[in-house]
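[1] Take a look and give me a structure for this.
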Amino acid sequence: MLRPEPMTKLLFVCPETKLDGVLRLLHEKKVLHISHHQTNSHDNLPEGKASAGAASLASALVKVNALCAQLHLHSSTEELRGKHDMQKLQHHADTVSESVKRLKERVEEIKLLIARKEEQRELLRYLEIMGLSADDFNGSRIKATLGMISPNISVTSALNKVTSRYHCKKHLLEHKDQELIAVLYDREEEAKVEAVLASVGMKQLMFSSIAGFQGSPLPHRRELDRELHDHLKEEKQINEQLQAIGKEHGKNLLALLSILQLEMEIAEAPRLFGVTESCILIRGFLPTHQTKQVVEEIKHITQQAICVYKEEIHHQDNIPVKFQHSAFTKPFQFFLDLYTLPSYHEIDPTSLMAITFPFLFGFMLGDIGYGIVTLLLFWILKKKFSAGKDLFQILIYASVATIIAGLLFGEFFGSEYIFGYHLFHILSREHEIYTLLYLSLGIGVIHVNLALALGFVNELHHHGLYKAICEKLSWVIMEIGAALAVGSMYHYLTIPVYVGIGVAVLGVVLLLLGAGVIGIIEIPGLMGNVLSYARLMALGLASVGLATVVNDFARDFFQKGGFFIAAAILLLILGHGINILLGVMGPFLHSLRLHYVEFFTKFFKGGGTRYKPFGQREIQTE
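    Alright, predicted model coming up:
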């Protein structure tokens, strides 16, 4: 669980005539993580090319994908079951595509018609409001202009300066930031009036869409309402037809989509391989426990025509990482996805975080009542929002840790009493602040030294014992020396002070040999890392303090009786609700920070590549 699954590096030398069968088997097995062949690699072989039919497959895949999207069909990662005739499915898809295209084109036509008729109806409504008709815009002597203007502008004052032969009507619209205005004037004054209207910022409405309408606008509006109703009804019927097509033909379309995706992956795969005149070189990694079975099956289908070589894994190889997580620890991979994946040769910290993250979170929030509330909340959220199930599962574990810590601290919604009974506690955070501080720093010492121990193991695995001692164990030796010196100075130990100083100096020398001057510069940072865990106390006290204030105010309100009882209940709900919100955000972020900064930096570099075997598709969700 602390190491990724062991991988074996294989080289397949495959005759070109057998490649298709090999790729289909590998695609079915979904075990080989293919390494991309580079032309400048040590064997100096050119990269392969996609199969001849790749272009036509890509075109067909795009079309079927688009068709599935139009019908709101969603592919899944489930295996394609049974045998399917791709040509028959493609012919079927072409027929469906023509029907869908025709219906979609009609829907677009209807949408344009609806947009035009809604515009016409709105213009007629404006005419109706102003008591005008379409005929008023086509008079031989009198011309009408209708538009929008700011209510703060006086149009009549501006018009009076150039002409008196006009009539003006105004109407303040519902949204009140625009005024509807109609100006009727003598055509001989058109140039002057138009200039004035433009100068005051009037936005004229264009009536070209209702140019053919005559008489009162009301009958035309009623006719447009009827036509709009018919268009909307037709659009609904077409959408129902499209849904029916999706239900009837969806299974076959998704089957074709899966087949095309498979064929496309197989057709494109040779781009990843090295090639000779007659052979294809496939290099990749697969889980060690599956190697023997896969090799035997490949040799069987190629009638022993393929050669398989097991290659030595080097540290510079980009080895994919396949996690070995239990159901309990798997959600915590979420934190590694946010940060970076461990490399193949590193310890995977996920399983450790499954213990330490809830512990630190619970230590900071540490309240039975808050833990119960957050446990129920995150359990409900996990059921409702499957996309965030890993995060909510982590918070469920953290809520359980909060309840356990609350039992140790004897706290229930910030109080040490439940219905008059004093809760048992091992440590009172409200009254034993210094003990809480020392405990927080002690947790920091343990957590930081656990990280150094993991770093020692990583260095031992990568660079040997000498490097592990000098770069990682040296820090522990310095800490032991400092502890011995301080213990001797304050007479907790009977050994001479210089013994502790000597041990600390030894650690410094080893660190200088392992990490150089940079290591010496980082020595003060170790104390800063440990002191950073004082936040465990600080956030806990802040949560207790706010809860106590809320409880005290509520208690005073309850004692006053009457209306104050309802106010006290509201205060308890709001006060503790806000405290729970802050109590979740703070411990979550600070626990994560203690892992990313204080913990990971001692042993974890990351930069790993996720194991993606050939044939495995990403999970798609609606």
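[2] residue ranges of the helices in the stretch 151-300 of the chain, please?
    With helices called from DSSP state H, counting those that start in this stretch, the stretch 151-300 of the chain shows them at 155-160, 190-199, 217-268, 288-301.
[3] Stretch 482-495: end-to-end distance?
    Its first and final residues considered, stretch 482-495 spans 13 Å by Cα to Cα, to the nearest Å.
[4] So for it, what gets flagged as buried?
    Of the residues in stretch 482-495, those buried by neighbour count under the rule 16 or more other Cβ atoms under 10 Å are A482, A483, L484, A485, S488, L493. All C-beta spots, glycine's among them, are computed from the backbone N, C-alpha and C.
[5] Then stretch 518-527?
    Neighbour count says stretch 518-527 has G519, L526 buried, by 16+ other Cβ under 10 Å.
[6] so how far does it reach from one end to the other?
    16 Å.
[7] what about that stretch, average pLDDT?
    Stretch 518-527 shows an average pLDDT of 89 in the prediction.
[8] So, low pLDDT: which residues of the protein?
    In the prediction, the chain carries residues with pLDDT under 70 at positions 39-43, 75-84, 137-140, 175-176, 618-622.
[9] now the strands for it?
    7-15, 33-34, 142-149, 166-172, 179-186, 203-204, 274-275, 279-287, 307-311, 320-321, 417-418, 421-422, 609-610 (DSSP state E).
[10] one step back: nearest to H462 among the buried residues of stretch 482-495?
    Distance to H462 across the buried residues of stretch 482-495 (Cβ to Cβ) is lowest for A482, with 27.8 Å.
[11] which residue packs closest to that closest one, ignoring adjacent ones?
    Sequence neighbours aside, A504 is the residue nearest to A482 in space, at 5.3 Å (criterion: Cβ to Cβ, 6 or more residues apart in numbering).
[12] Now the strands of the chain in a markdown table, please, with extra columns for distance to F600 and mean neighbour count.
    Supplementary listing: the strands of the chain in a markdown table, determined by distance: least, Cβ to Cβ, whole Å; neighbours: other Cβ atoms under 10 Å:
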| stretch | distance to F600 | mean neighbour count |
| --- | --- | --- |
| strand 7-15 | 23 | 19 |
| strand 33-34 | 25 | 20 |
| strand 142-149 | 61 | 19 |
| strand 166-172 | 64 | 14 |
| strand 179-186 | 64 | 20 |
| strand 203-204 | 61 | 14 |
| strand 274-275 | 37 | 20 |
| strand 279-287 | 25 | 23 |
| strand 307-311 | 31 | 13 |
| strand 320-321 | 16 | 22 |
| strand 417-418 | 40 | 12 |
| strand 421-422 | 41 | 9 |
| strand 609-610 | 18 | 13 |
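[13] If we go by neighbour counts, what in stretch 117-133 is buried?
    Quick answer for stretch 117-133 (16+ other Cβ under 10 Å): K117, Q120, R121, L123, L124, Y126, L127, M130, L132, S133.
[14] I'd like the distance from the fifth one to L441, if you could.
    With distances defined as Cβ to Cβ, to the nearest Å, the gap from L124 to L441 amounts to 78 Å.
[15] what's the answer for the first one, then?
    Using Cβ to Cβ, K117 is found at 75 Å from L441.
[16] ok, now which ones touch the closest residue to E188 other than its chain neighbours?
    Across the structure, with Cβ to Cβ, 6+ apart as the measure, the residue nearest E188 apart from its sequence neighbours is R165 (8.0 Å). For R165, the contact set (Cβ atoms under 8 Å, 6 or more residues apart in numbering) comprises Y185, D186, E188, E189.
[17] Hmm, G371 is touching L407, no?
    No - between G371 and L407 there is no contact, the gap being 9.2 Å when judged by Cβ atoms under 8 Å.
[18] Which residue of these two possesses the greater neighbour count?
    For G371 versus L407, the count of surrounding residues by other Cβ atoms under 10 Å is larger for G371: 26 against 18.
[19] Roughly how far does that one sit from L589?
    Per Cβ to Cβ, G371 is found 18 Å from L589.
[20] do L262 as well
    Taken as Cβ to Cβ, the spacing of L262 relative to L589 amounts to 44 Å.
[21] With D177 instead?
    Taking Cβ to Cβ as the measure, D177 falls 43 Å from L589.
[22] likewise E105?
    Relative to L589, E105 is positioned 52 Å away (Cβ to Cβ).
[23] Equivalent analysis for L11, please.
    47 Å.
[24] How about residues contacting stretch 467-483?
    Residues external to stretch 467-483 that are found in contact with it (Cβ under 8 Å, 6+ apart): 445, 449, 452-453, 455-457, 459-460, 500-508, 510-511, 513-515, 519, 523, 526, 602-603.
[25] For the residues you listed, which ChimeraX command selects only the ones that are buried?
    Here is the ChimeraX command that picks out the buried ones among these, judged by 16+ other Cβ under 10 Å:
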select :452,453,455,456,459,460,500,503,504,507,508,510,511,514,515,519,526,602,603
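[26] Name the residue in L262 and L589 with the higher neighbour count.
    Comparing L262 with L589 by neighbour count (other Cβ under 10 Å), the higher total belongs to L262, at 19 against 11.
[27] ok, for that one, nearest residue in space, not its chain neighbours?
    Beyond its immediate neighbours in the sequence, the residue positioned closest to L262 (Cβ to Cβ, 6+ apart) is H27, lying 6.4 Å away.
[28] what sits against that neighbour?
    If you count contacts by Cβ under 8 Å, 6+ apart, then H27 has L262, E265, I266, F614, G615 around it.
[29] how about those residues, which pair is most distant?
    Of all pairs in those, the most separated under Cβ to Cβ is L262 and F614 at 11.0 Å.
[30] re the thing from before, out of the contacts of R165, flag the one nearest to V400.
    Minimum separation from V400 among the contacts of R165 (Cβ to Cβ) is found for Y185, which lies at 80.1 Å.
[31] Next, format the helices of the stretch 151-300 of the chain as a markdown table and append distance to L2.
    Supplementary listing: these in a markdown table, determined by distance: least, Cβ to Cβ, whole Å:
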| stretch | distance to L2 |
| --- | --- |
| helix 155-160 | 81 |
| helix 190-199 | 78 |
| helix 217-268 | 34 |
| helix 288-301 | 17 |
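[32] Can you list the buried residues in stretch 236-250?
    Neighbour counts using 16+ other Cβ under 10 Å place I238, L242, I245, G246, H249, G250 of stretch 236-250 among the buried residues.
[33] Give me the contacts around that stretch.
    68, 70-73, 92, 96, 99-100, 103-104, 106-107, 110.
[34] Enumerate every residue touching R283.
    With Cβ under 8 Å, 6+ apart as the criterion, the residues that contact R283 are K9, L10, L11, F12, I34, S35, H37, F273, G274, E311.
[35] so which of these would you say is closest to G607?
    S35 (16.4 Å).
[36] neighbours of that closest one, just the number please.
    Counted with other Cβ under 10 Å, the burial measure for S35 works out to 21 neighbours.
[37] Compute the distance between it and L286, please.
    Between S35 and L286 the distance, using Cβ to Cβ, works out to 11 Å.
[38] K472 too?
    Distance of K472 to L286, given as Cβ to Cβ: 33 Å.
[39] ok, now V550?
    With Cβ to Cβ as the criterion, V550 and L286 are 58 Å apart.
[40] K104: neighbour count?
    Summarising burial for K104: neighbours were counted as other Cβ under 10 Å, giving 13.
[41] likewise Q324?
    Other residues close to Q324 by other Cβ under 10 Å number 16.
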